[in-house]
Structure formats: structure tokens, C-alpha cells
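Student: sequence first, then the predicted structure:
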Amino acid sequence: MGDRHTIHAVLDAIERGQRFLVSAHARPDGDAVGSMLACGMILEQLGKQVEMVSCDRVPLIYRSLPCASVVRQVSRVEGEYDAVILLECDGIERSRLRGLDGRFLINIDHHVSGRTFGNINWIDTEACAVAEMVYKLAMVAGVCITPEMATCLYTAVLTDTGSFCYDGTDAHTFELAAELVRHGAKSATIAKDVYFSHPTSKMLLLGAALSNLRREGRIAWMWVTHDDMVRTSAAEEDCEGIVNYAIAIAGVDVAIFLRELSNHRVRLSLRSKGDVNVARLAERFGGGGHQHASGCTIDGPLPDATDMILEVARRTLSAAVHESHSLI
């Protein structure tokens, strides 16, 4: 289905309904939060009733975004809605919300791991962020891009492109960012809120992770235990971005951050440079994401999980190197 045709399918569903719920994946990141808020603003401009919910709270660094305070943290969806708009989910389960079965679902996603689980599925793997798709939706709907909406969308684009560092960032991405600045997004203020507003607990957790940093050739990894989380009073959101310190090492092409959960399962954050597709790696364990940024959760204990992901990472890296050489 063509991109424009799918946008109109989404807009037709919005036009037919009156009451909507908007949500995104569990552990919401900048793209999930910013896109959810902007989508809610679009619906309100179109005269619709909208509620925004998440199974996890909005992370601290995004709570200053316009309307972030109205996002409700819930575990189950109750009430009647004409449609539920799910952002950045490859299935209902990724939202970790109960009560979605049997509802009319509009699925909007840009990940290569995206799946067509909704009644309407708009998946654009060429988009730099779901925020780009929400921006397109606003343009086609003819709504006004307010400074508040632009702020949310710019935050989403900034964070989901790794501060414009990930592959796929091109002239079009910067044109989108420029448009959002023209609509009122203050880039310097947003960068300060996102990158220079961390709690002390995150810095203490980062110190624990860096003390465990290990390297094997082009692979680097680090971990924190559940005890580390408790000792530093860290929240789940404090783990965001820690893996980037490992991928920042010269000569490292694959980085892994492992976090031991209270149930002894292990949450993995994966990053890569070059030809390695860590989304494919994460998909082997039921996760997904971008080519150079993905995640998944696997069974513990932590040492076994580390051995398992390292073995797969070694094979993945070796295959990528072999494929690269065969193209020369």
C-alpha cells in the first residue's frame, strides 16, 4: 500500500471517529513520547477527544515537553474508543497494555521489525523517526504546526537519530529539523533538556557500568546488576543511552549494555557502527529496532546471558565482515 494512500486511510479512520486513545511502546523513548504528544495535539485540532497513556511513566528528561503531564500511566485500557493509535510497536504486547484485544487499532511504525498487526498499518522504514510520519500526518490533515507540536516532534527526531548521528540521517532529515525550528522548536533549549538534565542516580549508574566495561576486538560490552540499580537508586529510564559510551570507543563496531532485572531476566541495549545490523540480532531474541540501535530481553542469569549474546554478536560481526569483503 502506498505511503500517501495509507496516510489517508489513517485520516479517514480519524474523521469517522470521535474518541481516540494514543499510546506507544513500553519504556517510552524520545520518539515515542514526542510523537505521542504531537499526535494528541493533531487529534485535538481536528476536534477529537483524545487520551494519551503509557504503561511506564514519561522519563524525567521528557517531562518538560508540552502536555507531557497529561499522559496517564496505566496497565489496562478501560472505556470505549473509536480507535487506538499505537506508535512504534511491532505488536500489542510491545505496549505492555492490557485491554487492547478486539479494539480497532491504527499501527504507525518506522522500524524494520514493524509488523502489520493493526486494522490499519502504516509502516515507513524510510522515515528517520515516527515523528516524521506524524509530521506528514499533520501536513496532509492541514492542521497548524504549533510551537508546542514542533517542540515535541523536534525532540523525537533529535533523539531517534542519535543527535543526527545514525545512518539514514540525510539532507531530508535536516530539512525536517529546520522546518520544525521554523515552526517554533528551540533547538538549543531542547538539547539542554535532553542531554544536560540527568539525575545524580544516572551518573552513579553510569559509573557502575563503566567499571564493568570489557572489550574483545570490535565488540565492547558492560553491565549492571539489579543490586547496582538498587544501590544507586536508579530508575529504568536511567539506563537510557549508557550503551553509547561503549560504541563511542574507537575500533568498536558492536556495543552491548546488559541490565539484570529483578526477575533475573536481562534487558539488552545494542548499538553498532558500520555494516552490522543489530536489529536482526535483537530479532533473534524477540526484540527489534533500528539497524544501528535495538534491544531485547533474554533469560538470565547475567553471566549466561552475557555469554549467549556475545556468541551471537561474534557470529553476526564475522558474517558482516565476510559479506563486506565479498562485495569488494
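Tutor: In hand now; what should we look at? Residues are numbered from 1 along each chain as shown.
Student: end to end, how far does stretch 163-183 reach?
Tutor: End-to-end span of stretch 163-183 (C-alpha to C-alpha, to the nearest Å): 19 Å.
Student: stretch 19-32 too?
Tutor: Distance across stretch 19-32, first residue to last, is 21 Å (C-alpha to C-alpha).
Student: buried residues in that stretch, which are they?
Tutor: Buried residues in stretch 19-32, defined by neighbour count with 16 or more other C-beta atoms under 10 Å: 20-32. For glycine as for every other residue, the C-beta is placed from the backbone atoms N, C-alpha and C.
Student: of these, which belong to strands?
Tutor: In strands, defined here by DSSP state E, the members of those are 20, 21, 22, 23, 24.
Student: just to revisit the earlier point, need the buried residues of stretch 19-32 in a markdown table with distance to residue 189 and pLDDT, can you?
Tutor: Listed next are the buried residues of stretch 19-32 as a markdown table, based on distance: C-beta to C-beta, whole Å; pLDDT from 0 to 100:
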| residue | distance to residue 189 | pLDDT |
| --- | --- | --- |
| 20 | 30 | 98 |
| 21 | 30 | 98 |
| 22 | 25 | 98 |
| 23 | 27 | 97 |
| 24 | 23 | 97 |
| 25 | 26 | 94 |
| 26 | 28 | 91 |
| 27 | 25 | 90 |
| 28 | 21 | 94 |
| 29 | 19 | 93 |
| 30 | 15 | 94 |
| 31 | 19 | 95 |
| 32 | 21 | 96 |
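Student: can you give me the helices in the stretch 151-300 of the chain?
Tutor: Here the stretch 151-300 of the chain has its helices, by DSSP state H, counting those that start in this stretch, at 171-182, 187-195, 200-211, 226-231, 244-247, 278-283.
Student: what's the closest of those helices to residue 76?
Tutor: helix 226-231 (26.1 Å; C-beta to C-beta).
Student: next, the buried residues of the closest one.
Tutor: Of the residues in helix 226-231, 226, 228, 229 count as buried by neighbour count, 16+ other C-beta under 10 Å.
Student: for these, which one is nearest residue 308?
Tutor: Nearest to residue 308, judged by C-beta to C-beta, of these is residue 226 at 18.4 Å.
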